[in-house]
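In: Take this sequence and fold it.
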Amino acid sequence: MVCRLVAALLLLPLSALSFNAGPAGSRGGHAVTLSRSPVVSTMSIQDDIKDRIRSAMKGGPDRKAELQALRLMASAMTTKTKESGAESLDDEQAKQVLTKLAKMRKESIEMFEAGGKMEAAALEKTELAILEGYLPAIADEATVRGWIADAIVVACPDGPDKSKMGQVMGALMKAHKGEFDGKQANKWVAEMLK
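Out: Prediction:
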């Protein structure tokens, strides 16, 4: 019990602790109490996933799908860590790995639904939901179309020109990378350049 308390206290910043004088005759004379102020977590995405894996393992069969998704995420990050030769990934690198996994899940969902395998698609959707919890929110269609219109003005000063689609996508990616689904944006760019 004492070890857990000490470990928990070591993880808190000093501002979250307050030291109060204990009652007369108490051992040590001081008591440590936790304040109610919120503590900002400094846990990286990779560490948070490892922590969630431990929690899901204790959750039993009810959390089996979550555990499977988290292990997949941890495995992909471990592979990327070994490839880069680093000790661990920073949050930006972790988000890149998770973005690739999310893209694969979306493609799998489309294929399973086209093949009539709804149970497999449902499992993929569960994994995608967990992945998206670690990724920034994707902009809605109206916002992305506005960004595309801005990129068209920059890339095509003489008016929409389908031959400049690559330049429009390049300008869009440069300004808003990671904020939208590139596959959908590509369709909308082609549609708006007609």
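
In: For burial, what's the neighbour tally of A86?
Out: By the criterion of other C-beta atoms under 10 Å, A86 has 11 neighbours. Every residue, glycine included, has its C-beta placed from N, CA and C.

In: er, V97 I mean
Out: 21.

In: Okay, it and D150: tell me how far apart.
Out: To D150, V97 is 30 Å away according to C-beta to C-beta, to the nearest Å.

In: for G133, same thing?
Out: Distance of G133 to D150, computed by C-beta to C-beta: 30 Å.

In: more crowded one of those two?
Out: D150 (15 against 10).

In: Let me know the helix or strand that the more buried one is in.
Out: In the assignment (DSSP states H and E), D150 maps to helix 141-155.

In: which residues of this protein score low on pLDDT?
Out: Applying pLDDT under 70 to the chain flags residues 1-41.

In: Please enumerate the strands of it.
Out: Assigned by DSSP state E, the chain shows strands spanning 17-21, 30-34.

In: Give me the most central residue, the chain.
Out: In the chain, the residue lying closest to the centroid (C-alpha atoms, centre = their mean) is Y134, at 1.9 Å.

In: ok, that residue - contacts?
Out: Contacts were defined as C-beta atoms under 8 Å, 6 or more residues apart in numbering; by that measure Y134 touches 45, 48-49, 73, 94-95, 98.

In: Next, count neighbours for E191.
Out: Using other C-beta under 10 Å, E191 has 10 neighbouring residues.

In: distance of it from A56?
Out: In terms of C-beta to C-beta, E191 sits 42 Å off from A56.

In: And for A149?
Out: Distance from A149 to A56, by C-beta to C-beta: 44 Å.

In: who has more neighbours, the two?
Out: Under the criterion of other C-beta under 10 Å, the comparison of A149 against A56 puts A56 first, with 20 against 13.

In: hang on, that one packs against M73?
Out: No - between A56 and M73 there is no contact under C-beta atoms under 8 Å: 11.5 Å.

In: What residues sit buried inside stretch 81-99?
Out: 81, 89, 93-95, 97-99 (16 or more other C-beta atoms under 10 Å).

In: Just send those back as CSV, with distance to G166 too.
Out: Below are the buried residues of stretch 81-99 laid out as CSV (distance: C-beta to C-beta, whole Å):
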residue, distance to G166
T81, 33
L89, 31
Q93, 27
A94, 29
K95, 25
V97, 26
L98, 27
T99, 21
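
In: Kindly indicate which of the residues you listed lies nearest K187.
Out: In terms of C-beta to C-beta, no member of those lies closer to K187 than T99, at 19.0 Å.

In: What sits closest to the closest one if chain neighbours are left out?
Out: Excluding the flanking residues, the one nearest T99 by C-beta to C-beta, 6 or more residues apart in numbering is L135, at 6.2 Å.

In: Next, the one you found: phi, psi?
Out: For L135, the backbone dihedrals (degrees, to the nearest 10) come out as phi -100, psi 150.
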